[in-house]
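S.K.: A structural model of the following input is requested.
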Amino acid sequence: MSTVKYINPINLRIARENIGLTTVAASKKVTSTGKDIVAQWEKGEALPTWVQVKRLSDDLYNVPELLFFSSDPIERHKTIPDYRIGFDKKNDVNIKKLINMVVTRQKWLERYVKEEGFGKNQLQGSGKGISSPKQLAKLISDKLEIRISDIKGLSRREDALKYLIHKAENKGIFIGKTVSYHKIAVDDMRGLFVSHDYCPFIVLNRKDSVAARIFSLVHELSHFFRKSDAVSNTLDFRSTHDTDPEEVICNRVAAELLLPAEEFTKEFYDKQDIDAVSVLYKVSKIFIFFRLKELGKIREESETSLENIIRLEMDEALKAKSEKDKAKEGGNYVNNMRDSNGALFNKIVQSSYLNNDMGYVEAANLLRFSPERL
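M.R.: Model (predicted):
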């Protein structure tokens, strides 16, 4: 196997540090010799093969290969506040790889946006001084032109999610989704927001149910309007000892926006009512249960049993979805990546490629598939 003629050792080190690996741990991923070859590459004492570079790029560091040969420094991984509870820490490397991908895209997008003469995103952080979840929910609805009546009028949850994504992307908020190779479980991450003056990015976990993703999207939009970076995994908007106040606020904003109190006029709601509300408002039953409980519209004597039934249904639904996803794993790679990238990101890369502002290789590295397939 032929070795590369040159590699940027600084970029190698930054890419490794961004996902929190030691040189020894990284070396084990690319060689079976037992030697700490990554440390040698970073010191300039040796050079990797092209196969090893590809492994570092695709399987480990999640950055385009070209960055290892570029004189431009790789963006250092920014610290994203971790608001998750009950997650598996051994999977954190996958979250860091995802953040790496987002930061890499933001760096390129910033250059493009500035060259095109666009300014900073003025909506980001515009709700930072609002302490009332109801007022912040109204600000989000007004600025993004989200109407509950529109959501109720849609026939499918998938259409409601597309509606919300379209509203966000119209205002310059990039919305992406995970794909199977990200290897991120729902319990480890439901949503992610990475702030940026020009190209803020939200990522949703596609392994989650569509109803839960609708909630997570509005939750992350709350982070956007507050300009508070976050990794999140909870649907609960109650204040508990292990839930960060920032998460509680964003969850409550989602509750106010998706399930406005004035919409619920019955004195009490039972399981059949919750099922019907879930269909109408397109959000998960457990989220509806929490909301109705907060509003005092669940009979106290039935709270525990009703929550247990709904949680069991939710677990079974996620298990069924996981099995269904496994059965069709792989699917159409280009379609999966197109959906994962998000329409706004795809559109900008395609425009730049067609205008000859970037070459084929750079566009393919950003998209993770041929730009000719867009």
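
S.K.: Regarding the residue nearest to the spatial centre of the chain, what is its secondary structure?
M.R.: Central residue of the chain (Cα atoms, centre = their mean): Val203, 1.7 Å from the mean position. Under DSSP: H, G, I helix; E, B strand; the rest coil, the three-state class of Val203 is strand.

S.K.: Next, the contact list for it, please.
M.R.: 98, 102, 175-178, 191-192, 194 (Cβ atoms under 8 Å, 6 or more residues apart in numbering). No exception for glycine: its C-beta is placed from N, CA and C like everyone else's.

S.K.: Output the residues you listed as a markdown table; include the columns pLDDT, distance to Arg213 and neighbour count.
M.R.: Formatted as a markdown table, the contacts of Val203 follow (pLDDT from 0 to 100; distance: Cβ to Cβ, whole Å; neighbours: other Cβ atoms under 10 Å):
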| residue | pLDDT | distance to Arg213 | neighbour count |
| --- | --- | --- | --- |
| Leu98 | 88 | 16 | 23 |
| Val102 | 90 | 17 | 24 |
| Ile175 | 98 | 10 | 24 |
| Gly176 | 96 | 12 | 23 |
| Lys177 | 96 | 8 | 20 |
| Thr178 | 93 | 11 | 21 |
| Gly191 | 94 | 8 | 25 |
| Leu192 | 95 | 12 | 26 |
| Val194 | 95 | 17 | 24 |
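
S.K.: Now, those residues that are in helices?
M.R.: Counting by DSSP state H, the contacts of Val203 place 98, 102 in helices.

S.K.: Which of the contacts of Val203 sits closest to Asp270?
M.R.: Lowest distance from Asp270 to these (Cβ to Cβ) belongs to Gly191, with 30.1 Å.

S.K.: if I look at Glu263, how far off is Val93?
M.R.: Per Cβ to Cβ, to the nearest Å, Glu263 is found 42 Å from Val93.

S.K.: circling back to that earlier point, wait, which of the contacts of Val203 is closest to Gly129?
M.R.: Nearest to Gly129 among those is Val194, at 21.8 Å by Cβ to Cβ.

S.K.: Pairing partners for that closest one in the sheet, please.
M.R.: On the basis of DSSP bridges, Val194 is bridged to Phe201.

S.K.: one step back: same drill for Glu263 and Val93, tell me which one is more crowded.
M.R.: When neighbours are counted by other Cβ atoms under 10 Å, Glu263 and Val93 differ, and Val93 comes out ahead with 16 against 12.

S.K.: Can you name the residues that contact the more buried one?
M.R.: By Cβ under 8 Å, 6+ apart, Val93 lies in contact with 19-21.

S.K.: Likewise for Leu259?
M.R.: Here Leu259 is in contact with 277, 281, 283, 287-288, 291 (Cβ under 8 Å, 6+ apart).

S.K.: what's the lowest-pLDDT member of these?
M.R.: Within these, Phe287 has the lowest pLDDT, namely 90.

S.K.: can you give me phi and psi for that one?
M.R.: Main-chain torsions, Phe287, degrees, to the nearest 10: phi -60, psi -40.

S.K.: Isn't it up against Phe215?
M.R.: Yes. The criterion here is Cβ atoms under 8 Å, and Phe287 meets it with Phe215 at 5.3 Å.

S.K.: which stretches of the protein have low pLDDT?
M.R.: By pLDDT under 70, the weakly predicted segments of the chain are 1, 235-242, 327-331.

S.K.: can you give me the strands in it?
M.R.: Taking DSSP state E as the test, the strands found in the chain are 174-177, 191-194, 201-204, 230-232.
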